[in-house]
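> just coords:
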């Protein structure tokens, strides 16, 4: 009985902690200059061309980053677990490095690289924010993605599954794509979402390198001139991510329901 | 040993398998120390030994998951020592949890055929056929997590057989199951193996399991082969002390002229080779008594040491603490 009461108290406190700021933000974003309430701030997002194109740019970067990170992390994590379980700990601490190094220091280092690397290849690479920022965001997303994927691999009998697939005539690559990847699907999706969230929120590196056409920077800029629009935008992107998550878990849920019929 | 009358050993599918001077070393330790062993076409050979004896290493070398330090592996007349696992034409059943979790039973069984680019219709037909063989015809659409451990192992067996491999490899397939299912599936495996006539290597640490299903048993210890023979040979005339100890229970009884004689050369005697309550036997005290159903296992203390006796369960057997006599039967 006392346990249940405590649970209610804790749940209520947690709900308040999360909901009060959100509801306040919603209330603020719905205010109109005249003193009433309306959807003016939300309409402003749709009408604002700069915001919209910056969102597209950032989504493009996010997709490229997620694909590259996963292509790098999944085979590496599998390979380490199968062949070199002894170095797993070492690799784990190595992947934390991007978190340990402050973004400002990293950006300064990148700026130095950018300034000193010549040649047509690098000039092309640094010409647009998509090609310039993606490699750096790959580095930033690496720790989160590696952790998510490695946790997923830890939860399955990886070696047995790969050996079973190979025994049935699959190459190691086929075993990875056909057997391992579907089995750790939720971990891979988790890694992709972390990457997406990271790219949609990264400001320091983009700003220092003067790539100002990304979504997070646009949000900050809008916030300077129109606070209401900025808050509306934050809420909208939160809702967007939430809908995306729901959509994915719904797709996953439908598959396992089909399984039990 | 379970025999099935209508399915004789070796119905044509089986090929010979041979390990030649096979050695696998990890640094200074030899997991396998020069194994020479041949499997006859269509036979079920149990590779028996304690954990760490090298039996799993031998199996993995045959499957192609590991490479030998030296020596050869032959399947049929083909030297497969350097051939990758995917091209060895073996079907393997693992200890547990080897089914692909995101695929149904039927999809699991059809996986090997898919890798061999067999058409969808034929895959479906063959998967259904094999699930029928292992008694799971109605579970084709079930996912592994919806099935019991025994059912999962049946699907794994069907999956291994679906590609019609030359050799079937069983890596302690029953060890994760509970006792009743274990015996059931053990007999099931033997039935299917005989029906398919497929050469089979059955790795196990359970001597009862090995004696029950195998045509021949190979006992392995510390990377070396101790004895190969029929279950009757291995049990009845163990070649080494290790085999005698590992397979069944063995008493070391000093005996002369068919009588227990302190100080005489020792004889290896199974628990059923001793009898209690004989008129002219050696004096003994019952230390423990365990009722096992048809027999009762008595541990006796005597002047020649502790002796283990299996006596037919009957009223009037001496109880714990009672004094009795013990003698060799026959």
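That came through fine. Predicted, not measured: the structure shown is a model, and the values here were computed from it.

> for the rest of this, base every contact and every neighbour count on C-alpha atoms.
OK.

> number of nearby residues for the closest residue to chain A within the stretch 1-150 of chain B?
As assessed by C-alpha to the nearest C-alpha, chain A sits closest to residue B:86 within the stretch 1-150 of chain B, at 4.0 Å. The local packing of residue B:86 (other C-alpha atoms under 10 Å in any protein chain shown) involves 22 other residues.

> where does chain A have low pLDDT?
A:1-2, A:118, A:248-261 (pLDDT under 70).

> same check, this time on chain B
In chain B (pLDDT under 70), the answer is B:1-13, B:330.

> and with 50 instead?
B:3-11 (pLDDT under 50).

> residue nearest the centroid of chain B?
The residue lying closest to the centre of chain B (C-alpha atoms, centre = their mean) is residue B:210, at 2.8 Å.

> thought that one was touching residue B:204?
Yes: judged on C-alpha atoms under 8 Å, residue B:210 makes contact with residue B:204 at a distance of 6.8 Å.

> so what sits against both of the two?
Common contact partners of residue B:210 and residue B:204 (C-alpha atoms under 8 Å, 6 or more residues apart in numbering or on different chains): B:46-48.

> now the residues you listed in TSV, with neighbour count, secondary structure and distance to residue A:205?
Below are the shared contacts of residue B:210 and residue B:204 laid out as TSV (neighbours: other C-alpha atoms under 10 Å in any protein chain shown; DSSP: H, G, I helix; E, B strand; the rest coil; distance: C-alpha to C-alpha, whole Å):
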residue	neighbour count	secondary structure	distance to residue A:205
B:46	30	strand	63
B:47	29	strand	61
B:48	30	strand	62
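
> residue contacts, residue B:21?
B:33-36, B:70-72.

> only whichever of these are buried, select them in ChimeraX.
Restricted to buried positions by 16 or more other C-alpha atoms under 10 Å in any protein chain shown, the ChimeraX selection for the contacts of residue B:21 reads:
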select /B:33,34,35,36,71,72
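
> leaving out the residues flanking it, which one is nearest to residue B:328?
residue B:274 (4.6 Å; C-alpha to C-alpha, 6 or more residues apart in numbering or on different chains).

> thinking again about what came up before, how about the residue of the stretch 1-150 of chain B closest to chain A, secondary structure?
Following DSSP: H, G, I helix; E, B strand; the rest coil, residue B:86 is assigned to helix.

> re earlier: chain neighbours aside, what residue packs nearest to the residue nearest to the centre of chain B?
residue B:46 (5.5 Å).

> and residue A:87, what does it touch?
Taking C-alpha under 8 Å, 6+ apart as the test, what residue A:87 contacts is residue A:80.

> can you pull the phi/psi pair for it?
phi -90, psi 0 (degrees, to the nearest 10).

> for it, give its distance to residue A:190.
Separation of residue A:87 from residue A:190 (C-alpha to C-alpha, to the nearest Å): 24 Å.

> got it, and residue B:61?
Counting by C-alpha to C-alpha, the gap from residue B:61 to residue A:190 is 37 Å.

> strands of chain A, start to end?
Taking DSSP state E as the criterion, chain A contains no strands.

> how does it divide into domains?
For chain A, automatic domain parsing gives the domain ranges A:1-38, A:40-260.

> can you tell me which of these is nearest to residue B:79?
Closest to residue B:79 of these is domain A:40-260 (C-alpha to C-alpha; 17.4 Å).

> now do the same end-to-end measure for stretch A:164-172.
11 Å.

> one step back: of residue B:61 and residue A:190, which one has the most company?
With neighbours defined as other C-alpha under 10 Å, residue B:61 and residue A:190 compare such that residue B:61 has more, 22 against 18.

> residues in contact with the residue nearest to residue A:78 when sequence neighbours are not counted?
Once flanking residues are discounted, residue A:78 sits nearest to residue A:153: 7.4 Å by C-alpha to C-alpha, 6+ apart. By C-alpha under 8 Å, 6+ apart, the contact set of residue A:153 is A:77-78, A:184.

> all set now, cheers.
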